[in-house]
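Student: Show me the folded form of this:
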Amino acid sequence: MQKSLKPILERNMPSLQVSEINVQYGDVEVLREVTVEVPEQEIVSIVGANGAGKTTLLKSISGILRPISGEIWLFGERIDHLYPHQIVEKGLVRIPEGRKIFPTMSVLENLELGSYLSKAKAKRSESLEKILSLFPILKDRLGQAAGTLSGGEQQMLAIGRGLMSLPSVLMLDEPSLGLAPILVRQIFATVKEINQHGTTILMVEQNVFNALNMANEGYVLENGRVVLKGKSQDLLANEYIKESYLGL
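Tutor: Coordinates of the predicted model:
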């Protein structure tokens, strides 16, 4: 019998733990023995260049891809055998790269779709009020077709829709992609606020400085492997990070 990689339960056990997963697309190995821990109510950033495997990691955690080996645990329960909707029911939600909103549906309809779970549906009105407080501009767009929103507004909508599911762990895939610098700052500030209200955050980002600067801990992914990990401020001070990712 295969030995479980599940850690001994401790008070500070991570909300999410990825243990030595290997993931393939066909015969191509994309992730190699990747281990990531996301402590409860903290922000962890995964940084790296295009093709490093960041999106593959989030897809594997959310059940869209199945690791060929290794384990994934959420609040002490193994989830790498579950379907995506079952993982959402456990409290983990992914905001995909490119937003993936429903463009012909209204902003309100998009948000309401995020609360399809029974527990979330029961608190739909309360959640909607919180989302519109977090993203006031969406309040003026509720009846508007989502596809007519600006890129920044669509990212706000995608995050808001995810929050309507009442996640305990929120995963964001390249939230700053394609946004103007002022909107990037706004999105990152909002993510920080979401975390301060108790939601654990796992984020993958190409914007290395912003991603690490707001996080508690970080991981550097290169060619499907974790090559560096540690406290975010330590990584920002790392000479390799400065030279390879920050151009310093």
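
Student: in the helix or strand of the chain with the lowest mean pLDDT, what's buried?
Tutor: Every helix and strand of the chain was ranked by mean pLDDT, DSSP states H and E. The lowest is helix 118-121, at a mean of 89. Buried residues in helix 118-121, counted by 16 or more other Cβ atoms under 10 Å: Ala120. C-beta here means a position set from N, CA and C on the backbone, and glycine is covered the same way.

Student: For that helix, report the contacting residues that lie outside it.
Tutor: Gly114, Ser115, Ser127, Met164, Ser165, Leu166 (Cβ atoms under 8 Å, 6 or more residues apart in numbering).

Student: Just send these back as TSV, with neighbour count and pLDDT too.
Tutor: Shown next, in TSV, are those (neighbours: other Cβ atoms under 10 Å; pLDDT from 0 to 100):
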residue	neighbour count	pLDDT
Gly114	25	93
Ser115	22	92
Ser127	21	95
Met164	25	95
Ser165	21	95
Leu166	19	95
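
Student: Present those residues as JSON lines; the columns should include distance to Ile201 and secondary structure.
Tutor: Listed next are these as JSON lines, based on distance: Cβ to Cβ, whole Å; DSSP: H, G, I helix; E, B strand; the rest coil:
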{"residue": "Gly114", "distance to Ile201": "17", "secondary structure": "coil"}
{"residue": "Ser115", "distance to Ile201": "20", "secondary structure": "coil"}
{"residue": "Ser127", "distance to Ile201": "18", "secondary structure": "helix"}
{"residue": "Met164", "distance to Ile201": "17", "secondary structure": "coil"}
{"residue": "Ser165", "distance to Ile201": "15", "secondary structure": "coil"}
{"residue": "Leu166", "distance to Ile201": "15", "secondary structure": "coil"}
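
Student: closest to Ile72 among those?
Tutor: Closest approach to Ile72 among these (Cβ to Cβ): Ser165, at 18.9 Å.

Student: Tell me which residues touch the closest one, please.
Tutor: Contacts of Ser165 (Cβ under 8 Å, 6+ apart): Val88, Val93, Gly114, Ser115, Tyr116, Leu117, Ala120.

Student: List the buried residues in stretch 165-175.
Tutor: Ser165, Leu166, Pro167, Ser168, Val169, Leu170, Met171, Leu172, Asp173, Glu174, Pro175.

Student: Show me what whichever helix in the chain runs longest packs onto, helices and strands only.
Tutor: Counting by DSSP state H, the longest helix found in the chain is helix 181-196. Contacts defined by 3 or more Cβ pairs under 8 Å, 6 or more residues apart in numbering; DSSP states H and E place helix 181-196 against strand 43-47, helix 124-134, helix 151-163, strand 200-205, helix 208-214.
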